[in-house]
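Engineer: would you be able to build a 3D model of this:
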Amino acid sequence: MSKRALIVGATGIVGQNLTNRLVAEGWTTYGLVRRVESLPGSVIPVAADTLDPSALREALAGILPTHVFFTTWTRRATEKENRVVNSVMLRNVFEALPKPERLVHGSLVTGLKHYLGPFEAYAAGAPPQTPFRETMPRLDLENFYYDQEDVLFGAAAKHGFAWTVHRPHTVIGHAIGNLMNMGTTLAVYASLCRETGLPFVFPGSPTQWSGLTDVTDARQLASQIFWAATSPAGRNEAFNVVNGDVFRWNWLWPEIAGWFGIKAAPYLDHVTSLEHMLAGKGADWAEIAKKHGLKEERLDQLASPWHTDADLSRPVECLTDMSKSRRLGFTDYRYTPNSFFDLFERLRAERYIP
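Structural biologist: Purely as a prediction, here's the structure:
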């Protein structure tokens, strides 16, 4: 059977890399997004808003995917609102498909907030003991990830397809205009420091500075999603997914500084908000962009410092166990410094940073 993928959120940091992988594997790939202009020519565009059921049904008429990959989300002011809107998005997609009974597999990307709680109660209270394992129970907190999982499980049971849930840590990869993009945010921050003399201060907590942690290369996540969607061992499972190595920011921060030809500032032993440090730097970035002929003059289209602050200011250790998928046959690995450096090189080559 020929494989036909519907990727919901195909232009995001996860969706782009998954799209590249599936196209390279010879899949017929549909990209469901609100704006199709940035989709590559190898992807069949499907323009629709997942919150508009009638428009979604019209856009998906005649499309019969074997696999659905849900790689997007939308942010609201409260987790109660997040629960409603993000579960509705997922439900609408399954209800709009003309023949959902033909689905073979459905994949959902969530993340470590499964273990840490939503942004409004992020890492609050007593978090689970690390490393995070898929066998840990849900937290007794509102969390839209749980609602999305329940929608996926219900659709799979109703229509008879297999499912997987993928829980990455901070995703490092290429996407412009993404809501949560630490890699590009740090590239912009380092570039500003080099061009303006701003000190390259680590903005996070002492725990994050000195403790062990991990991240997820978007290409590693795409590989695991692909493996799970095509391997019998990956059916009906939730999987953590990280690069496979661990590091401390007090080691990686100077490495990142060195890549940009600057020195890391001494750590200040407390959280220093990156969002605060970059506030008001839009004019500086616009000037840098004009000087170097960069593609994007708007700082807020490249950097998401609020999300980087949320990740790096956590007062708890964040370490992820990947034994489950390894035991079942997924053995891919990414070297974390290269996750950042490969991204920096691409951003420079495509003239998003000087």
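
Engineer: pretty sure residue 149 is touching residue 106, no?
Structural biologist: No. Between residue 149 and residue 106 there is no contact under Cβ atoms under 8 Å: 11.1 Å. The C-beta positions use only the backbone N, C-alpha and C, and glycine is treated the same way.

Engineer: out of the two, which sits in the more crowded spot?
Structural biologist: Using other Cβ atoms under 10 Å, the more surrounded residue of residue 149 and residue 106 is residue 106, with 27 against 20.

Engineer: which SS class is the more buried one?
Structural biologist: Secondary structure for residue 106, judged by DSSP: H, G, I helix; E, B strand; the rest coil, is strand.

Engineer: so who does it touch?
Structural biologist: 67, 68, 69, 70, 94, 152, 155, 156, 161, 162, 163, 164 (Cβ atoms under 8 Å, 6 or more residues apart in numbering).

Engineer: contact partners of the strand or helix carrying the last one?
Structural biologist: Using DSSP states H and E, the secondary-structure element containing residue 164 is strand 162-168. In this structure, residues lying in contact with strand 162-168 by Cβ under 8 Å, 6+ apart are 14, 104-112, 114, 132, 134, 149, 152-153, 156, 216, 221, 224-225, 228-229, 234-242, 320.

Engineer: out of those residues, which end up buried?
Structural biologist: Buried members of the contacts of strand 162-168, scored by 16 or more other Cβ atoms under 10 Å, are 14, 104-112, 114, 132, 134, 149, 152, 156, 216, 221, 224-225, 228-229, 234-235, 237-242, 320.

Engineer: in strands, which of the residues you listed appear?
Structural biologist: Using DSSP state E, the subset of the buried ones among the contacts of strand 162-168 located in strands is 105, 106, 107, 108, 109, 216, 237, 238, 239, 240, 241.

Engineer: closest one to residue 141 out of those, please.
Structural biologist: residue 238 (17.7 Å; Cβ to Cβ).

Engineer: scan the contacts of residue 106 and report the most crowded one.
Structural biologist: residue 69 leads the contacts of residue 106 on contacts (other Cβ under 10 Å) with 30 neighbours.

Engineer: next one: phi and psi at it?
Structural biologist: Main-chain torsions, residue 69, degrees, to the nearest 10: phi -120, psi 120.

Engineer: now do the same contact list for it.
Structural biologist: 5, 6, 7, 8, 15, 18, 106, 107, 109, 225, 229.

Engineer: so what's the first one bridging to?
Structural biologist: Taking DSSP bridges, one obtains residue 29, residue 67 as the residues bridged to residue 5.

Engineer: that one: neighbour count?
Structural biologist: 27.

Engineer: thought it was touching residue 22?
Structural biologist: Yes. Between residue 5 and residue 22 there is a contact under Cβ under 8 Å: 5.0 Å.

Engineer: residues shared between the contacts of those two?
Structural biologist: In contact with both residue 5 and residue 22: residue 29, using Cβ under 8 Å, 6+ apart.

Engineer: show the average pLDDT along the strand holding residue 164.
Structural biologist: Taken as a whole, strand 162-168 has a mean pLDDT of 98.

Engineer: next one: stretch 100-110
Structural biologist: Stretch 100-110 comes out with an average pLDDT of 97.

Engineer: how about that stretch as PDB, C-alpha atoms only?
Structural biologist: The C-alpha atoms that make up stretch 100-110 are tabulated as PDB, following Å, rounded to 0.1, in the frame of the first residue of the first chain:
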ATOM      1  CA  PRO A 100     -11.100   7.900   8.600                       C
ATOM      2  CA  GLU A 101     -11.600   4.100   8.700                       C
ATOM      3  CA  ARG A 102      -8.800   3.900   6.100                       C
ATOM      4  CA  LEU A 103      -6.200   5.300   8.500                       C
ATOM      5  CA  VAL A 104      -3.400   3.000   9.500                       C
ATOM      6  CA  HIS A 105      -1.700   5.200  12.100                       C
ATOM      7  CA  GLY A 106      -2.100   8.500  14.000                       C
ATOM      8  CA  SER A 107       0.800  10.300  15.700                       C
ATOM      9  CA  LEU A 108       0.600  13.100  18.200                       C
ATOM     10  CA  VAL A 109       3.500  15.200  19.400                       C
ATOM     11  CA  THR A 110       3.300  16.600  22.900                       C
END
